[in-house]
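>>> Give me the fold of what follows.
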Amino acid sequence: MQIKYPDLTPNELKLCALTKLNLNIKETASLLNISPNSVKVARYRLKKRMGLSQDQSLTTFFANLI
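Numbers count the residues shown, from 1 in each chain. Alright, predicted model coming up:
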């Protein structure tokens, strides 16, 4: 991930890892000590930074990537 997307922050990399583990929004929010809405916003921003379309799932993207 860091080679293909070197500008990702440590928090974005954590979000990538948790998404790869197929954790849902509530589980991710609990682990990161943030609200579920914050996870939704973070995922939206992550998709935007990575150049993914809005209809593309992060879970599917990570499953195909690694």
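
>>> Which secondary structure elements does the helix or strand S30 falls within sit against?
For S30, the element it lies in under DSSP states H and E is helix 25-32. Other helices and strands packing on helix 25-32, by 3 or more Cβ pairs under 8 Å, 6 or more residues apart in numbering; DSSP states H and E, are helix 10-20, helix 36-50. C-beta: built from backbone N, CA, C; applies to glycine.

>>> What residues of the last one count as buried?
So that's helix 36-50. Residues V39, A42, R43, L46, K47, M50 are the ones in helix 36-50 that count as buried (16 or more other Cβ atoms under 10 Å).

>>> Kindly reformat the residues you listed as JSON lines containing pLDDT.
Listed next are these as JSON lines, based on pLDDT from 0 to 100:
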{"residue": "V39", "pLDDT": "97"}
{"residue": "A42", "pLDDT": "96"}
{"residue": "R43", "pLDDT": "95"}
{"residue": "L46", "pLDDT": "94"}
{"residue": "K47", "pLDDT": "94"}
{"residue": "M50", "pLDDT": "91"}
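
>>> Make CSV from those residues and add distance to L18 to it.
Shown next, in CSV, are those (distance: Cβ to Cβ, whole Å):
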residue, distance to L18
V39, 9
A42, 10
R43, 10
L46, 11
K47, 15
M50, 15
